[in-house]
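Sequence below, structure please.
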Amino acid sequence: MAEFADLNIEAETIAAEGVGAWTGEARALAKLAGPLVFTQLAQMAIMTTDVVMLGRLSKTALASAALGNTIFFFCWLIGCGPVAAVSPMIAHILGARARDRAGVRAVTRMGFWSVLMLSVPLIAVLLFSRDILLLLGQKPELAAGAGRFTAVLCIGFPMTLGYQVLRNFATALSRPNSALWVMVAAIFFNVFADYALIFGHFGMPRLGLVGAGLASTSSFTFSFLAMTAIVYLTPALRKYRIFRRFHRPHWATLAEIFRLGMPIGLTMIFEAMLFNSATLIMGTFGTNSVAAHQIALNVPSITFMVPLGIGMASTVRVGLAAGARDGHGVRRAFNAAMLMGAGFMTVTSVIIWTFPHQIAGLYFADAAANADVIALAALFLHVAAAFQIFDGLQVVGALSLRGMKDARMPMWIAGASYWLAGFPMCLWLAFGWHMQGLGIWLGLAFALLVAAAAMCGRFYYLARRF
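Here you go, the predicted structure:
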């Protein structure tokens, strides 16, 4: 069993109790979560690069790309649902049978099959982005630009999903550093490609918005190929021979990937749609409200990456214990993740609550000229500070449930929390109580509170089975 030591599933570690077991669990969780957190932050850095580059090109290009990315992100979430099932399924297999390479290979192979199966209809949706946006009442100029942008992104769409399969495969085997290094390299690749293809440097043609799409597609392709190379160059990953007999189906595994994965995708969509809808509603209150909202939303989006990474690690740790039918290990992994996530978000909550004006001011070169936007953003940031802990608990809870292969109920919990509780509360406070933007933010906080309570309650209910 020495070769599986890095999986942290030794019998004595799983079965142990007391302080030593908690210390070991916290250490294993932190070791796995650290690279995942930095990988998420690296992905945000890539998106920030695209925004900065297009903003320097023109406001029209930036707005068109924003609309195109909305359609692309929606399709990406649907495609990532089955892909996200790869990690907990592998964790369960290794928790039950640590040497089951065939089982791991089948899950990974069917993960790639799900990518191929979903890419065809989702690419079709991307190709009709212009028509979809026109139906939604967007300006023809922006819809046309978004259509050109997403048409190029179609080329790299299967690549970005394929990268996620490889990333989840490596993460389930406690090898998250590989995906981190690939993503760090992708940051520099993306900066170079954006600069060259948008503005026509280094002998490249000046392609503008289309160049931005081509740069993103190239980055997707680079990430997939680099991750594939790492899998082949890393002995602990190569021995699973994940591409062996790629053409052979494993129908039961494929069915489980979709049965577990599609609710995961819908869960992510429910949350994303709520925040996108909040932005659209905010637009009815004027430019200052939208600007303040975007600033205030960016701050918790960054802090959210940490509990998200912890939750991803919890998926694996809970999955390993659940596969081994170790109830103490399941609860210990979940509690350690919750304490770690809540602890970090408590610190960020204090910082955001104490320095909201200073944080909002960082987004403007001339703070005095934008004092009204900064004041409004600071008000929203006070609410963000209040819901930091709820946000951390709900994502750790949802991803821990994923580790128990529980996806359908979290989907319903997310739908109810965000759309039956949160969205009506946003509308009631914003328009019924005439609180406008503040009402929207209080409604978002209420949605996260409900989601956190329900996700955690669901986990403890299921944990009693072990």
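
Double-check residue 73 against residue 269; I have them as touching.
No - checked against C-beta atoms under 8 Å, the pair residue 73 and residue 269 is beyond contact range at 9.5 Å. In short, each C-beta sits where N, CA and C put it, glycine included.

Look at the two and report which has more neighbours.
With neighbours defined as other C-beta atoms under 10 Å, residue 73 and residue 269 compare such that residue 269 has more, 20 against 16.

Please, which helix or strand holds the closest residue to the more buried one other than its chain neighbours?
Distance criterion C-beta to C-beta, 6 or more residues apart in numbering; nearest residue to residue 269, sequence neighbours excluded, is residue 77 at 5.1 Å. Mapping residue 77 onto the secondary structure by DSSP states H and E places it in helix 59-84.

Quick check: closest non-adjacent residue to residue 33.
residue 313 is the one closest to residue 33 (C-beta to C-beta, 6+ apart), at 3.8 Å.

List the contacts of that neighbour.
Residues counted as contacts of residue 313 (C-beta atoms under 8 Å, 6 or more residues apart in numbering) are 29, 32-33, 36, 176, 337.

burial of residue 85, as a residue count?
By other C-beta under 10 Å, 29 other residues sit near residue 85.

what about residue 109, is that helix, strand or coil?
helix (DSSP: H, G, I helix; E, B strand; the rest coil).

correct me, but it touches residue 242?
Yes - taking C-beta under 8 Å as the definition, residue 109 is a contact partner of residue 242 at 6.4 Å.

Let me have the contacts of residue 313 in CSV, adding neighbour count as columns.
CSV is the format used below for the contacts of residue 313 (neighbours: other C-beta atoms under 10 Å):
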residue, neighbour count
29, 22
32, 24
33, 25
36, 25
176, 24
337, 30
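
Identify, from those residues, the entry nearest to residue 141.
residue 36 (39.8 Å; C-beta to C-beta).

taking the mean pLDDT, what do you get for the strand or helix carrying the closest one?
For residue 36, the host element (DSSP H and E) is helix 19-57. Here helix 19-57 scores 81 as its mean pLDDT.

next one: stretch 411-431
97.

What lies in contact with it?
In contact with stretch 411-431 (C-beta under 8 Å, 6+ apart) are residues 263-264, 266-267, 270-271, 273-274, 277-278, 281, 394, 398, 435-440, 442-444, 446-448, 450-451, 454-455, 458.

quick one on the thing from earlier: just the buried residues of the helix holding residue 36, please?
Neighbour counts over helix 19-57 (16 or more other C-beta atoms under 10 Å) mark 21, 24-26, 28-29, 32-42, 46, 49-50, 53-54, 57 as buried.

count of neighbours near residue 414?
24.

Could you list the domains of the chain?
In terms of domains, the chain is parsed into 37-249, 260-466 (source: automatic domain parsing).

Mean pLDDT lowest where, among the ones you listed?
Among those, domain 37-249 scores lowest, at a mean of 89.

how far does it sit from the chain's center?
Distance, stretch centre to chain centre, for domain 37-249: 12 Å (C-alpha atoms, centre = their mean, to the nearest Å).

Compute the first-to-last residue distance for it.
34 Å (C-alpha to C-alpha, to the nearest Å).

cool, stretch 274-291 as well?
For stretch 274-291, the end-to-end distance is 18 Å (C-alpha to C-alpha).

can you pull the buried residues of it?
Buried residues in stretch 274-291 (16+ other C-beta under 10 Å): 274, 277-278, 281-282, 285, 288-291.

Could you give the number of residues near residue 249?
11.

need the contact list for it.
Residues in contact with residue 249 (C-beta under 8 Å, 6+ apart) are 110, 113.

That one and residue 37, how far apart?
Distance of residue 249 to residue 37, computed by C-beta to C-beta, to the nearest Å: 36 Å.

Using the three-state scheme, assign residue 175.
coil.

And the helices in the stretch 51-200 of the chain?
59-84, 86-96, 101-127, 129-135, 140-172, 177-199 (DSSP state H, counting those that start in this stretch).

hang on, the earlier thing: give me the helices and strands touching the helix holding residue 36, please.
Here helix 19-57 touches helix 11-15, helix 59-84, helix 140-172, helix 177-199, helix 208-233, helix 287-323, helix 327-354, going by 3 or more C-beta pairs under 8 Å, 6 or more residues apart in numbering; DSSP states H and E.
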